[in-house]
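J.: Got a sequence here, can you model it:
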Amino acid sequence: MCHANTDESLCPECLEAQKSSGIDVKRLLLELAQCKSKYHRHSQELSDKEIKYLCLSLSRYSKGEIAYYFYRHKIPNSQELEACEDIERWRKNLNAEMSTRINRYIKRLMNLIDENQRMPSWKDIIEFLENSGYKISPSCTSQKQLARMLVESDISVDELNALVQNRGFNIKISRIIDA
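T.: Have a look, this model is predicted:
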């Protein structure tokens, strides 16, 4: 389970979404939960399925890949996706389910008044989020936040060096020692 409303770590899908989109996923999840509570007063958090759908979408997986993930519990390779006879039905079912859930909350966040309006592309949603202050700024990441991210992730030395340099730290890591 992803603990977006606590100091506990984000799930792997959320970490991937944050890395690939540059969006502050924890903040986004908290604000979307507030949007959800306007529709469902008894619900103060997003469901695990809503979180995973959002994060996989932010990571720019296709609708087919996301649907496959929910039915087969893994991201497919291209051959698996092509060989799946049920993928169109799965994709349509998931799209219908999410149109009344996470897509609705995103539209509300974006101040799109007409709920029947077509959902913007994920590229446009990410651009909106960047322009609305959700983009993670390298200069805003403290050493403590960076250390927490590193401890929580399974990362290679090369990825770690790129991350550290992108955050403005002038150090080079030569190896990672398992604790």
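J.: next structured bit after the helix or strand residue 36 falls within?
T.: Using DSSP states H and E, residue 36 sits within helix 25-39. Per DSSP H and E, the first helix or strand lying C-terminal to helix 25-39 is helix 48-58.
J.: so what secondary structure elements neighbour that next one?
T.: With contacts taken as 3 or more C-beta pairs under 8 Å, 6 or more residues apart in numbering; DSSP states H and E, helix 48-58 sits against helix 12-21, helix 25-39, helix 63-72, helix 87-99, helix 102-109, helix 122-131. Placement of C-beta: from N, CA and C, glycine included.
J.: list the buried ones in the last one?
T.: This means helix 122-131. For helix 122-131, burial by neighbour count (16 or more other C-beta atoms under 10 Å) applies to 122, 125, 126, 128, 129.
J.: Now it: average pLDDT?
T.: Averaged across helix 122-131, pLDDT comes to 94.
J.: Give me the contacts around it.
T.: If you take C-beta atoms under 8 Å, 6 or more residues apart in numbering as the criterion, helix 122-131 is touched by 21, 22, 23, 28, 57, 58, 60, 106, 110, 120, 135.
J.: so how far is that helix from its chain's centroid?
T.: The chain centre lies 13 Å from the centre of helix 122-131; the measure is C-alpha atoms, centre = their mean, to the nearest Å.
J.: Repeat that for the longest one.
T.: Between the mean C-alpha point of helix 25-39 and the mean C-alpha point of its chain there is a distance of 13 Å (C-alpha atoms, centre = their mean).
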